[in-house]
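Student: Fold the following, please.
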Amino acid sequence: MHKEATVELKKETSANLAIPARFQKAKEISVASGEVFVASGSYRQQLREQTHADAVDMNLFGLLTVCADHHVLLLNWRIVSDRADDSAGEDFRKFTQTYDGAGGKAVAELIRHLPPNPNSPESYPELQKLLQPTPSK
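Tutor: Alright, predicted model coming up:
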């Protein structure tokens, strides 16, 4: 892994965000992310040694980078589907066949607690009126 391939993003918090009780005790972990599905125990170990990350992910990097570039707060909730080892492909297939959606339900709870978005037209009644279609006569 080339040294320029590593980006450490600053952790930011929002004072306006009320974290639901179920998330308050969730363990924070570091994640190595890129554009590859890690399916090798030796490669996972190499990533661990180079990055000290607790887990690997193949989708998070792009999303985090865009949010950081645009100064958008991102909360990330991940469900571990496999161990990123030589059985990862099969373990991931099994996971997708048996997963009960508990992570989605947890995220829905978090969304219900999000503060209003000041950049959204719905947060400004006058902008919302302007965006409403005009009734036909």
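Student: residues contacting the residue nearest the centre of the chain?
Tutor: In the chain, the residue lying closest to the centroid (Cα atoms, centre = their mean) is N76, at 3.0 Å. N76 is in contact with L60, L63, L64, counting by Cβ atoms under 8 Å, 6 or more residues apart in numbering. Where you see a C-beta, it was placed from the backbone N, CA and C, and this is true even at glycine.
Student: and the residues you listed, which of them are in helices?
Tutor: The helices in this structure, assigned by DSSP state H, contain L60, L63, L64 from these.
Student: Of those, which is the nearest to I29?
Tutor: Comparing the ones in helices among the contacts of N76 against I29 with Cβ to Cβ places L60 closest, at 11.6 Å.
Student: And that closest one, how far from V66?
Tutor: 11 Å (Cβ to Cβ, to the nearest Å).
Student: More neighbours: which of those two?
Tutor: The neighbour comparison of L60 against V66 (other Cβ atoms under 10 Å) goes to L60, with 17 against 11.
Student: show me what contacts the more buried one?
Tutor: Residues counted as contacts of L60 (Cβ under 8 Å, 6+ apart) are V31, S33, N76, R78.
Student: Same list (those residues) but as a markdown table, adding distance to L130, pLDDT and secondary structure.
Tutor: Below are the contacts of L60 laid out as a markdown table (distance: Cβ to Cβ, whole Å; pLDDT from 0 to 100; DSSP: H, G, I helix; E, B strand; the rest coil):
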| residue | distance to L130 | pLDDT | secondary structure |
| --- | --- | --- | --- |
| V31 | 41 | 86 | strand |
| S33 | 39 | 85 | strand |
| N76 | 34 | 78 | coil |
| R78 | 38 | 81 | coil |
